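**Q** Sequence first, predicted coordinates after that:
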Amino acid sequence: ASVSLSESRKLLSYLRFSPHRLGCRRTLTFTCKTLHLALASYKPLGLFMFFLIMFLSTLVYAFERGEYNGEFWERYADPGESSPFSNFFNCVWYTVVTWTTLGYGDFYPKSYEGKLVGMLIVVIGLVNLTIVINTIGECFEEIFRNYLEDKSKKIKAERAHYNKEDK
């Protein structure tokens, strides 16, 4: 279903003169201010999380890489099987996917040490997601509170202006 040029113009003119336009702009402003404040608040913790991901990826690499047999890295649990964790990028991929609790299942540890590191990654990832969600929520609350305070001040100023005119 293709949209013609005249239909696009009608839609744009509706959006331009729509009473909901101000609400959309306000929502977009709240979102941008919230994300800006959240990024400023989360930057130091984000840097720490980056180094933690690199450290955990190194642990996965150390425990799950396997043993080099002259041709490829063999997994400890399955001789003859090539280890997907012999590539450090795959270890970072596994750590990030597990950290976010997405868990594609394309790579998974087979050693007890690797499984233990995997569980640690999941727990730290859940804590990190909780911190991120709470940070964004607190930033939104601060932005919205400031908006309501400004709106309240404007209403009081207008009310005072009308009270002066009545007297």
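**A** Okay, I see it.
**Q** can you give me the helices for the protein?
**A** 5-17, 21-64, 88-99, 112-166 (DSSP state H).
**Q** Let me know which of these is the nearest to D106.
**A** D106 sits nearest to helix 88-99 of all those, at 8.1 Å, using Cβ to Cβ. Placement of C-beta: from N, CA and C, glycine included.
**Q** What helices and strands are in contact with the closest one?
**A** The helices and strands touching helix 88-99, judged by 3 or more Cβ pairs under 8 Å, 6 or more residues apart in numbering; DSSP states H and E, are helix 21-64, helix 112-166.
**Q** CA atoms only: put stretch 34-41 into CSV for me.
**A** Output in CSV follows, covering the C-alpha atoms of stretch 34-41 (Å, rounded to 0.1, in the frame of the first residue of the first chain):
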residue,chain,number,x,y,z
THR,A,34,15.8,12.4,30.8
LEU,A,35,18.2,10.5,28.6
HIS,A,36,20.7,13.3,28.7
LEU,A,37,20.6,13.5,32.5
ALA,A,38,20.8,9.7,32.8
LEU,A,39,23.8,9.5,30.6
ALA,A,40,25.6,12.1,32.6
SER,A,41,24.7,10.2,35.8
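**Q** Could you give the separation of it from the chain centroid?
**A** How far stretch 34-41 lies from its chain's middle: 12 Å, per Cα atoms, centre = their mean, to the nearest Å.
**Q** what mean pLDDT does that stretch have?
**A** Average pLDDT, stretch 34-41: 82.
**Q** ditto for stretch 144-163
**A** According to the model, stretch 144-163 has a mean pLDDT of 87.
**Q** which residues sit against it?
**A** By Cβ atoms under 8 Å, 6 or more residues apart in numbering, the residues outside stretch 144-163 that reach it are F30.
**Q** If you count neighbours, what's buried in that stretch?
**A** Taking 16 or more other Cβ atoms under 10 Å as the neighbour-count basis, stretch 144-163 is seen to contain no buried residue.
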